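Asker: From the sequence below, what's the structure:
(one chain, ligands or ions: 1)
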Amino acid sequence: VFSHVVRGPEDPILGVTVAYNKDPSPNKLNLGVGAYRTEEGKPLVLNVVRKAEQQLVNDRSRIKEYLPIVGLAEFNKLSAKLIFGADSPAIRENRITTVQCLSGTGSLRVGAEFLAKHYHQRTIYIPLPTWGNHTKVFNLAGLSVKSYRYYDPATRGLNFQGLLEDLGSAPSGAIVLLHACAHNPTGVDPTLDQWERIRQLMRSKGLLPFFDSAYQGFASGSLDADAQSVRMFVADGGECLAAQSYAKNMGLYGERVGALSIVCKTADVASRVESQLKLVIRPMYSNPPIHGASIVAAILRDRNLYNEWTIELKAMADRIISMRHQLSDALRARSTPGDWSHIIKQIGMFTFTGLNSKQVAFMTKEYHIYMTSDGRISMAGLSSKTVPHLADAIHAAVTR
Ligand code: LMR
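Answerer: Residues are numbered from 1 along each chain as shown. Prediction:
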């Protein structure tokens, strides 16, 4: 009965790792998936995560019961504080419902399912380009996906005029997906002044912001600075949604830990919204897993662990920034044709190199360097040792 099933394509991002794993070359380099690596090219478990896990193991009172449908209450409370700020009036007024979900993707999907059932506008505008999974998440939830101009290939920066025009002509009430910081894949973020213009425009048209916050702490090294865009929209008293992921900033990739928050006008609305989120979650996966959320809660609740976390987070962000400088220097040393200043200007985990799919294919074939076909490279996958190899490959790709 399944013989008609055709083989589906590999995922454009995770499929890069599949291809990389098959390559026997000792010089192979995976700059595809956005996952942090050390200078030695190894995955990193933060020290603070190890400590929190040790505490959990030592606590014999811990049990393995089901969590509530909305997850670990303390995790939800602390996650809201992290993104909206400890002094957020919306938190004080109980206008936010926060539910634990399966990392960023799960949070986006739960939010999308809720919107498809309970929001009057079914159209969501996503930036062009955006993270490859966004379109699928929103389409499968039943939303109609349109895009707004975001990146300008000519300047390798923000197409701010195009963005304002497209959002300005979106139908009233449309949902707009915004990357809270460290835009994936471009590494291009609006300035605070630009965010303010976007906020004014969106509020004047009644557009509903849905923030994807997967990199809080990774863009600038500061958790507060990277949440400014979200906090701006919450400060004006209007509604918004926010999907948080702890994959990158705590390195909890495989624990699948994240949160969806919906900021409402009143506490009463927030509590009714939460009752409906439970009806979305229960038939999808019943309730979320306990371990990752317990790690996050242990770190966020304890001042010492929290401080240690911010130091380790800043070290990851700084290492990525240093990779940007090293790559830019290496290209300059090779007199590689073109303007590569965007490598330093772009922020967060990725550089959107501007390399085209043919150049990417060449680099993979000849240099065993793996990256997404849109030319995005994960700076977090580079090290001082591998920068020269990448610079050689880029140089060869653009001069051949
Ligand atoms: C990425 O963009 O590489 C990450 O967000 C990982 C993923 O799930 O795609």
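
Asker: going forward, measure contacts and count neighbours with C-alpha atoms only.
Answerer: OK.

Asker: Could you check the pLDDT of residue 290?
Answerer: As predicted, residue 290 sits at a pLDDT of 97.

Asker: Sorry, wrong one. I was asking about residue 221.
Answerer: Each residue has a pLDDT score; the one for residue 221 is 87.

Asker: what's around the nearest residue to it once chain neighbours are set aside, how many residues?
Answerer: Nearest-residue entry for residue 221: residue 314, 4.6 Å, with adjacent residues in sequence omitted and distances by Cα to Cα, 6 or more residues apart in numbering. For residue 314, the neighbour count with other Cα atoms under 10 Å is 20.

Asker: For residue 314, list the residues it contacts.
Answerer: When the contact criterion is Cα atoms under 8 Å, 6 or more residues apart in numbering, the partners of residue 314 are 217, 218, 221, 222.

Asker: And it, which helix or strand is it part of?
Answerer: Secondary-structure element containing residue 314, defined by DSSP states H and E: helix 303-333.

Asker: need the contact list for the residue of the stretch 101-250 of the chain found nearest the ligand.
Answerer: Residue nearest to the ligand within the stretch 101-250 of the chain (Cα to the nearest ligand atom): residue 131, separated by 6.0 Å. Contact partners of residue 131, counting by Cα under 8 Å, 6+ apart, are 184, 185.

Asker: Let's see that with 6 Å instead.
Answerer: residue 184 (Cα atoms under 6 Å, 6 or more residues apart in numbering).

Asker: any idea how far it is from residue 290?
Answerer: Remark: distance between residue 131 and residue 290 (Cα to Cα, to the nearest Å) = 27 Å.

Asker: swap in residue 121?
Answerer: Using Cα to Cα, residue 121 is found at 34 Å from residue 290.

Asker: what does residue 367 give?
Answerer: Between residue 367 and residue 290 the distance, using Cα to Cα, works out to 42 Å.

Asker: which residues touch stretch 240-260?
Answerer: Residues external to stretch 240-260 that are found in contact with it (Cα under 6 Å, 6+ apart): 98-104, 107-108, 209-214, 261-263, 292.

Asker: Okay, buried residues for stretch 303-318 please.
Answerer: Taking 16 or more other Cα atoms under 10 Å as the basis for neighbour counts, the residues of stretch 303-318 that come out buried are 305, 306, 308, 309, 310, 312, 313, 314, 316, 317, 318.

Asker: Just to check, the second one is in contact with residue 297?
Answerer: This means residue 306. No: in this structure, residue 306 is not within contact of residue 297 by Cα atoms under 6 Å, at 10.0 Å.

Asker: in stretch 48-55, what's buried?
Answerer: Applying a neighbour-count criterion of 16+ other Cα under 10 Å, the buried positions in stretch 48-55 are 48, 49, 52, 53.

Asker: Do you have the helices of the stretch 251-400 of the chain handy? List them.
Answerer: 267-285, 291-301, 303-333, 342-345, 357-367, 387-399 (DSSP state H, counting those that start in this stretch).

Asker: tell me which residues of the last one are tucked away?
Answerer: Counting neighbours by 16+ other Cα under 10 Å, one finds that the buried residues in helix 387-399 are 387, 388, 389, 390, 391, 392, 393, 394, 395, 396, 397.

Asker: Could you do stretch 5-20 as well?
Answerer: In stretch 5-20, the ones that count as buried by 16+ other Cα under 10 Å are 12, 13, 16, 17, 20.

Asker: how's this protein carved up into domains?
Answerer: Per the record, the chain has its domains at 14-44+318-399, 73-301, by automatic domain parsing.

Asker: got these as CSV, with distance to residue 60 columns?
Answerer: Formatted as CSV, the entries for those read as follows, by distance: least, Cα to Cα, whole Å:
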stretch, distance to residue 60
domain 14-44+318-399, 27
domain 73-301, 14
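
Asker: Mind pulling the model confidence for the residue nearest in space to the middle of the chain?
Answerer: The C-alpha lying nearest the average C-alpha coordinate of the chain belongs to residue 214 (Cα atoms, centre = their mean; 2.6 Å). If you check residue 214, the pLDDT there is 98.

Asker: For it, what are phi and psi?
Answerer: phi -100, psi -10 (degrees, to the nearest 10).

Asker: contacting residues for it?
Answerer: When contacts are counted by Cα under 6 Å, 6+ apart, residue 214 is found next to 244, 245.

Asker: Pull up the gap between it and residue 59, please.
Answerer: 30 Å.

Asker: Then residue 96?
Answerer: As defined by Cα to Cα, residue 96 lies at a distance of 31 Å from residue 59.

Asker: Name the residue in these two with the higher neighbour count.
Answerer: residue 96 (27 against 10).

Asker: and the gap between residue 184 and residue 127?
Answerer: The spacing between residue 184 and residue 127, counted by Cα to Cα, is 10 Å.

Asker: Can you give me the buried ones in stretch 224-244?
Answerer: Of the residues in stretch 224-244, 224, 226-231, 233-234, 239-244 count as buried by neighbour count, 16+ other Cα under 10 Å.

Asker: Kindly apply the preceding question to stretch 248-263 instead.
Answerer: Along stretch 248-263, these residues count as buried under the neighbour rule (16+ other Cα under 10 Å): 248-253, 255-263.

Asker: For burial, what's the neighbour tally of residue 86?
Answerer: That count, for residue 86 with other Cα under 10 Å as the rule, works out to 12.

Asker: Neighbour count: residue 184 and residue 127, which is higher?
Answerer: Under the criterion of other Cα under 10 Å, the comparison of residue 184 against residue 127 puts residue 184 first, with 24 against 20.

Asker: now residue 2: how far from the ligand?
Answerer: Shown here: residue 2 relative to the ligand, a distance of 28 Å by Cα to the nearest ligand atom, to the nearest Å.

Asker: Is that residue in a helix, a strand, or coil?
Answerer: Of the three states, residue 2 takes coil under DSSP: H, G, I helix; E, B strand; the rest coil.

Asker: which phi and psi does it have?
Answerer: Listed backbone geometry of residue 2 is phi -110, psi 10, with angles given as degrees, to the nearest 10.

Asker: how close does it sit to residue 9?
Answerer: Residue 2 sits at a distance of 17 Å from residue 9 (criterion: Cα to Cα).

Asker: Could you give the number of residues near residue 70?
Answerer: Counted with other Cα under 10 Å, the neighbours of residue 70 add up to 23.

Asker: right, and it touches residue 99 too?
Answerer: Yes: in this structure, residue 70 sits in contact with residue 99. The criterion is Cα under 6 Å, and the distance is 4.8 Å.
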